[in-house]
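**Q** what's the 3D shape of this:
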Amino acid sequence: MIDISKIVQGKNLTEIDVQIVQFIIENIDTVLQMGVRKIAKENFTSPATVIRLSKKLGYTGFVDMYYQLLPLVKKADLPQSGVMEDFLEISEKDFLDHNSLGDFQSFIHNVLNLKQSYIFIYATGFSAIAAEYLYKKLLVLGRKTIFASGTDSVGVFENNLEDIGALVVISKSGETQLIIDKLQAAKEHQIFTVSFTKETDNRIAELSDLNFKIIDHSKLDDRNMLPNSFFPSLMLMFEFIIKQYVETILTKKDSNE
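**A** A predicted model of the protein is given here:
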């Protein structure tokens, strides 16, 4: 069930590079002891190729690459009590472990407070389901919002660039190329960008003006086949943001009375 496509995407890797990545992941429990020379020998290449691969992936070396890939490959740190309710428990602390209250206020200021410009929401796959929920939530709040997914024409976004004040994207992996393309176009037009991704480093988070990190217990389960609280947490984070927004409005109202 491990899909390495998001790890290697956009890295300009050779066929042997991809083979080595797959080998390391499949042998994650022993590759550190094997070392670079043994890994190279098992893949009929040179130690220098393994070292260059780690650099291409953005790591300082083989050991750094190993320790960065290890938590992605290992199973989620799910509660071991065996009680299903523990797995489904999500608290405010889960949101604030990787995000600050300032991040939520920034979303309110740069997105929810837009009056004339449109908020453009974009996502693909399972993320599009959550994105549509956010879209409808913002509509009932009276915000001018456009929603598009991977099945929509690129013209939906490109033809409205001049009227978009904020681009909000969702990507569990943080490596969806269609979204990266949208973010780059938005930056060229000085549009404020927000992303919701997993909590580890990813390209979409780096490109965004504001990134919300959500714990992803199955980081290499790109097809969303395993039990995971990522999307339930994402939906609750939307509600948490709305809660902060409503409280901000009430605070301003009380101060004016």
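**Q** rest of the way, CA atoms for contacts and neighbours
**A** Will do.
**Q** Roughly how far does Val111 sit from Arg143?
**A** 9 Å (CA to CA, to the nearest Å).
**Q** between the two, what contacts are shared?
**A** With contacts taken as CA atoms under 8 Å, 6 or more residues apart in numbering, Val111 and Arg143 have Ile119 as neighbours in common.
**Q** For this structure, just list every one of the strands.
**A** Along the chain, the segments classed as strands by DSSP state E run 118-123, 145-149, 164-170, 192-198, 210-214.
**Q** can you pull the contacts of Ala148?
**A** Ala148 makes contact with 120-123, 156-157 under the criterion CA under 8 Å, 6+ apart.
**Q** As a check, name the ranges of all helices in the stretch 151-257 of the chain.
**A** For the stretch 151-257 of the chain, the helices defined by DSSP state H, counting those that start in this stretch occupy 155-158, 177-188, 203-207, 230-256.
**Q** Mind exporting the C-alpha coordinates of the second one to CSV?
**A** Below are the C-alpha coordinates for helix 177-188, written out as CSV (Å, rounded to 0.1, in the frame of the first residue of the first chain):
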residue,chain,number,x,y,z
GLN,A,177,1.2,18.9,-9.0
LEU,A,178,-2.1,20.4,-10.2
ILE,A,179,-2.3,22.4,-6.9
ILE,A,180,1.4,23.4,-7.2
ASP,A,181,0.7,24.9,-10.6
LYS,A,182,-2.3,26.9,-9.2
LEU,A,183,-0.1,28.2,-6.3
GLN,A,184,2.6,29.3,-8.7
ALA,A,185,0.1,31.1,-10.9
ALA,A,186,-1.5,32.8,-7.8
LYS,A,187,1.9,34.0,-6.6
GLU,A,188,2.6,35.6,-10.0
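**Q** In terms of secondary structure, what does it contact?
**A** The helices and strands touching helix 177-188, judged by 3 or more CA pairs under 8 Å, 6 or more residues apart in numbering; DSSP states H and E, are strand 164-170, strand 192-198, helix 203-207.
**Q** In CSV, list the ones you listed along with mean neighbour count.
**A** CSV is the format used below for the helices and strands packed on helix 177-188 (neighbours: other CA atoms under 10 Å):
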stretch, mean neighbour count
strand 164-170, 25
strand 192-198, 25
helix 203-207, 19
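**Q** can you put the ones you listed in JSON lines and add distance to Ile51?
**A** Below are the helices and strands packed on helix 177-188 laid out as JSON lines (distance: least, CA to CA, whole Å):
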{"stretch": "strand 164-170", "distance to Ile51": "33"}
{"stretch": "strand 192-198", "distance to Ile51": "27"}
{"stretch": "helix 203-207", "distance to Ile51": "22"}
